[in-house]
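Novice: here is my input; please provide its structure:
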Amino acid sequence: MAVDIADPKNGFRHCEVVVFINEEVIRNGGGPAFYLTFRSRPWKDIEDCLRYVIADTHVPRTIKRACAWSALALGVRVATRQREKQSRRVQHLNDQVEEHEAATWTLATDLQRLREERDEVVSELRSARDNLKQVIHECGMLHKRLIEFELSQKLLAESQDTEYPGTLPWHLTVKEHREALDTDLQNEQYAVSRKKAPMSSITVLETVNEAEEFPASGV
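Specialist: Numbering: from 1, shown residues only. From the prediction side, this is the model:
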């Protein structure tokens with residue numbers, strides 16, 4: 001028997017077909033040798049051997065027919081083997097596709113989570129920036145008020161220490177205080193002018209008194 005009916009890899013689904021092929025091989029003087037020799041070989045080798053047998057004029061036609069039936073059975077076996085191989089390959093590719101889809105879904109989920117975290121961080125940074133601007137503004141205002149307060153205290157102290165009458169520095173308006181804060185030079189000139197003003201008045205007064213006591217000879 002060339003083809004084993006119990007062999008699940010023979011490629012045939014019906015026992016009657018296997019029996020008929022075996023009967024044709026035996027009826028034409030063949031045996032299992034051709035089938036057993038090439039049952040694990042590729043179709044290229046099977047066809048090459050069958051061509052060699054057919055082309056040989058010394059081989060009887062009946063043997064050629066027996067080899068042809070065995071080659072037919074081997075062709076079905078090769079086709080079945082290739083179909084199983086393709087099926088395994090397709091299954092492997094399907095598994096890879098499923099793995100890639102799962103990885104893609106995981107990456108998409110992670111990407112969405114990272115985008116949400118990024119948006120949250122950007123929102124927090126913007127809020128922190130706005131708060132920082134507000135703090136800097138308030139700090140500037142407090143610093144300005146502190147300078148105004150220190151200036152007013154300084155002017156008040158100078159007005160209390162002076163021995164000469166005059167307009168007290170604390171009578172300056174708020175506008176004059178702020179203008180005095182523009183530059184350090186203005187502050188220094190303002191303080192110096194306040195100190196020199198009483199001395200100038202005394203000098204003028206003494207000059208007038210001397211003129212009254214000692215009138216000019218021409219008068």
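
Novice: can you give me the helices in the protein?
Specialist: 15-27, 33-38, 43-55, 61-161, 174-180, 184-213 (DSSP state H).

Novice: most tightly packed of the ones you listed?
Specialist: For the helices of the chain, the largest average neighbour count (mean count of other CB atoms under 10 Å) is found in helix 33-38, namely a mean of 19. Heads up, the C-betas are built off the backbone N, CA and C, glycines and all.

Novice: residue 14: neighbour count?
Specialist: Look at residue 14: counted by other CB atoms under 10 Å, it has 9 neighbours.

Novice: what's it sitting at in phi/psi?
Specialist: Dihedral angles of residue 14 (phi, psi; degrees, to the nearest 10) stand at phi -120, psi 130.

Novice: what about it, distance to residue 32?
Specialist: 20 Å (CB to CB, to the nearest Å).

Novice: report pLDDT for residue 32.
Specialist: What the model reports for residue 32 is a pLDDT of 90.

Novice: also residue 150?
Specialist: With respect to pLDDT, residue 150 has a value of 88.

Novice: quick revisit: now the helices of the chain in CSV, with distance to residue 7?
Specialist: CSV is the format used below for the helices of the chain (distance: least, CB to CB, whole Å):
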stretch, distance to residue 7
helix 15-27, 9
helix 33-38, 11
helix 43-55, 17
helix 61-161, 9
helix 174-180, 108
helix 184-213, 109
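
Novice: right, and those helices - which one's nearest residue 9?
Specialist: Taking CB to CB, helix 61-161 is the member of these nearest to residue 9, at 6.5 Å.
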